[in-house]
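*Asks:* After the sequence you'll find the predicted model.
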Amino acid sequence: MNTIDKYNELIRQGKYDEAAEIQKSAMGEAMQYVRHGMDLDDAMQKAGFYKSDELQTILDNVISKAKEKNPYFPHTAPFADIEKDDETLDDIFECDKYDIKPCLFAYYKELKQFEVDVLFAKTTYSIQTFIRDLDCLCKFISENTHKPLHLENKIIDFLQGLNKAPGFGQVLQILILKGILKWFEVCNINENDLGYTQAAELCAFVEKRFIDVCVFYFMYFNKDENSRQLDNYLATDEIYKLLLTAPNDEPVNANDEAKNEPQQIELPENVLKWLQETICSNGKPFIEDATLNTHLWNWLQNKELARILLTHDKIKGSFTVVEVERQTPKLFFYPKENEPLELANPKKRKGDIVPPDIKTLTKFLANL
């Protein structure tokens, strides 16, 4: 008896609780397929539920409730899971304070040149207000350069606050981070000046966040007339260019498509075997079902270990870290969050204590 038959039989018998469990399991399975790009009808059928008005209503309710909890469903909002550092360590570091004079004139003119101000005209938030807010943030950075972790945490707070406005919030995240980077480009600090190293580290932190939100924008936002100004502006950015692929509108045959298919990360059989057979401190292996003919294995450990694995030179090869992050959801499923795996942000460890699972994995990778 298939899934839908079992469900209908339980309904006829009045066993609604048992039917609800089958329904919940099937809907969860269907949503996994939808997250991977499968058509809704096909996903429901693969999960054993054939399309019906009743089931469609159920699924709509599931999606609606999920979006009430998370407007970004089925994805996680940018920076939602990022861990802030312990800024009390700033007192121990005793970093030097250095002065940077904020000047955003060049950035403002650049945004006007690419007509990004048109995006602001569609909202109640003007580009002039945006520049004023960005200027305040840059001044705050300038006044607190001796507290690097405090600055990083404040930037994270600022970015997370923008998640309250899905869509335009991500546009602002991109422009805020880009603005800080542009500000650093023209600031009055040179390589041999006091505080240059701290400034460079903060700039690298901001650049990483900029890449994160650009990946999110590139993967999940529709590119149309409404996004044209921002798309044109980002197309001039060297970081964002890594995410772009040249469009090809000419008809191609199946062989041509196979040739043009983007290269995928391949995990060698010996690596998969080791990942399945090696037991970690939680009593589970890294992955399960490595012998199956699939590229969506269940990842049973934390996201930090996944990043260490996939960004290792012997695994990623010539791929950029951005491309590795893009492909990760197509390689692993994360049962803990019931969604495709997304790599955690690089984690700064306090002291010299390295968890045993990280030691085990790094030793294996070093010996490949």
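*Replies:* Arrived safely.
*Asks:* ok, how many other residues are close to Asp117?
*Replies:* When neighbours are counted by other Cβ atoms under 10 Å, Asp117 registers 17. The C-beta positions use only the backbone N, C-alpha and C, and glycine is treated the same way.
*Asks:* going forward, begin numbering at 16 instead of 1
*Replies:* From this message on, residue numbering opens at 16, which makes the last subject Asp132.
*Asks:* That one: what's it in contact with?
*Replies:* Going by Cβ atoms under 8 Å, 6 or more residues apart in numbering, Asp132 touches Leu126, Ile142.
*Asks:* Please repeat the previous calculation with a cut-off of 6 Å.
*Replies:* Neighbour list for Asp132: Ile142 [criterion: Cβ atoms under 6 Å, 6 or more residues apart in numbering].
*Asks:* Now do it against Leu346, distance only.
*Replies:* Look at Asp132 and Leu346: by Cβ to Cβ, to the nearest Å, they are 40 Å apart.
*Asks:* helices and strands of this protein: which one bottoms out on pLDDT?
*Replies:* Least confident helix or strand, the chain: helix 269-275 with a mean of 40, by mean pLDDT, DSSP states H and E.
*Asks:* now for whatever helix or strand comes next after that one, which elements pack on it?
*Replies:* Under the assignment DSSP states H and E, the closest C-terminal helix or strand after helix 269-275 is helix 284-292. Under the contact definition 3 or more Cβ pairs under 6 Å, 6 or more residues apart in numbering; DSSP states H and E, helix 284-292 sits against no other helix or strand.
*Asks:* Dump the C-alpha coordinates for helix 284-292 into CSV.
*Replies:* Below are the C-alpha coordinates for helix 284-292, written out as CSV (Å, rounded to 0.1, in the frame of the first residue of the first chain):
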residue,chain,number,x,y,z
GLU,A,284,35.3,7.4,-3.4
ASN,A,285,38.0,7.0,-0.8
VAL,A,286,36.9,10.3,0.8
LEU,A,287,33.3,9.3,0.8
LYS,A,288,34.2,5.9,2.3
TRP,A,289,36.2,7.5,5.1
LEU,A,290,33.5,10.1,5.8
GLN,A,291,30.9,7.3,6.2
GLU,A,292,33.1,5.0,8.3
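*Asks:* Which other helices and strands does the helix or strand just after that helix contact?
*Replies:* Proceeding N to C from helix 284-292, the next assigned helix or strand is strand 302-303, under DSSP H and E. Packing partners of strand 302-303 (3+ Cβ pairs under 6 Å, 6+ apart): strand 312-314.
*Asks:* what lines up beside the strand it packs on in the sheet?
*Replies:* Here strand 312-314 has these sheet partners by DSSP bridges: strand 302-303 (antiparallel), strand 347-349 (parallel).
*Asks:* Give me the distance between that strand and the centre of its chain.
*Replies:* Centre-to-centre, strand 312-314 and its host chain are 18 Å apart (Cα atoms, centre = their mean, to the nearest Å).
*Asks:* tell me which residues of that strand are tucked away?
*Replies:* Buried residues in strand 312-314, counted by 16 or more other Cβ atoms under 10 Å: Trp312, Asn313, Trp314.
*Asks:* cool, stretch 243-254 as well?
*Replies:* Buried residues in stretch 243-254 (16+ other Cβ under 10 Å): Gln244, Leu245, Asp246, Tyr248, Leu249, Asp252.
*Asks:* so the third one is in which element?
*Replies:* Taking DSSP H and E as the criterion, Asp246 maps to helix 243-249.
*Asks:* Identify all contacting residues around that helix.
*Replies:* With Cβ under 6 Å, 6+ apart as the test, helix 243-249 has contacts from Phe129, Glu130, Val131, Val133, Leu134, Lys238, Tyr255.
*Asks:* helix, strand or coil for Glu338?
*Replies:* helix (DSSP: H, G, I helix; E, B strand; the rest coil).
*Asks:* helices or strands up against the biggest helix by length in the chain?
*Replies:* When the chain is parsed with DSSP state H, its longest helix is helix 211-235. On a contact count with 3+ Cβ pairs under 6 Å, 6+ apart, helix 211-235 meets helix 183-201.
*Asks:* Helix 211-235 and the helix it packs on, what's the angle between them?
*Replies:* 150 degrees (axes from the mean of the first three to the mean of the last three Cα atoms, to 10 degrees).
*Asks:* Helix 183-201 - contacts with which helices or strands?
*Replies:* helix 120-128, helix 211-235.
*Asks:* on that earlier part again, wait, which of the contacts of helix 243-249 is closest to Glu98?
*Replies:* Using Cβ to Cβ, Tyr255 is the member of the contacts of helix 243-249 that lies nearest Glu98, at 25.5 Å.
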